[in-house]
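Participant: only the shape, not the letters, is given here:
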């Protein structure tokens, strides 16, 4: 059974930093793009950042220059380093991965989400 498990959320003051981690485990043959999304109360889930297996990245305009996505392919893990956090970054953060779980069977898998709260 395939799982994505996130960690690293919490409460932080404005201007602070956090690092989120998401590890994929189970019967995985290969991983394509990995990414982070977030959903604030009353809002739709939105893309934060994605990263390809080769390290190409894509960021939402709202986080450019403050957040950095990275991955460790040997550990099937994706990270989100968040700096200069703002109250508007408060949301549940979800990781997503495009996984090959059987021959010719690719699919998007989601983590359970981790809460990030930015408040003084």
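Facilitator: Perfect, I can see it now. Keep in mind it's a predicted model, so treat the numbers as computed, not measured. Numbers count the residues shown, from 1 in each chain.
Participant: could you use CA atoms for every contact and neighbour count after this?
Facilitator: Fine.
Participant: helices of the protein, residue ranges please.
Facilitator: Using DSSP state H, the chain contains no helices.
Participant: distance between the worst-scoring helix or strand of the chain on mean pLDDT and the chain's centre?
Facilitator: Lowest by mean pLDDT, DSSP states H and E among the helices and strands of the chain is strand 105-110, with a mean of 92. When distances are taken as C-alpha atoms, centre = their mean, to the nearest Å, strand 105-110 is centred 15 Å away from the chain's centroid.
Participant: what does stretch 6-26 give?
Facilitator: 9 Å.
Participant: give me the contacts around that stretch.
Facilitator: The contact list for stretch 6-26, computed with C-alpha atoms under 8 Å, 6 or more residues apart in numbering, reads 1-5, 75-87, 94-95, 111-120.
Participant: sheet partners, orientation included, of the longest strand along the chain?
Facilitator: Criterion DSSP state E: the longest strand present in the chain is strand 91-102. Using DSSP bridges, strand 91-102 pairs in its sheet with strand 30-39 (antiparallel), strand 105-110 (antiparallel), strand 114-118 (antiparallel).
Participant: would you single out the least confident of the ones you listed?
Facilitator: In terms of mean pLDDT, the lowest-scoring of the strands paired with strand 91-102 is strand 105-110 (a mean of 92).
Participant: tell me the buried residues in it?
Facilitator: 106, 110 (16 or more other C-alpha atoms under 10 Å).
Participant: contacts for that strand?
Facilitator: 3, 4, 94, 95, 96, 97, 98, 99, 100, 101.
Participant: on that earlier part again, gap between the longest strand of the chain and the chain center?
Facilitator: Remark: strand 91-102 is offset 8 Å from the chain centroid, using C-alpha atoms, centre = their mean.
Participant: am I right that residue 84 is in contact with residue 64?
Facilitator: No - Residue 84 lies out of contact with residue 64 (C-alpha atoms under 8 Å); the separation is 11.0 Å.
Participant: with neighbour numbers in mind, choose between the two.
Facilitator: residue 84 (15 against 12; other C-alpha atoms under 10 Å).
Participant: chain neighbours aside, what residue packs nearest to the more buried one?
Facilitator: residue 15 (4.1 Å; C-alpha to C-alpha, 6 or more residues apart in numbering).
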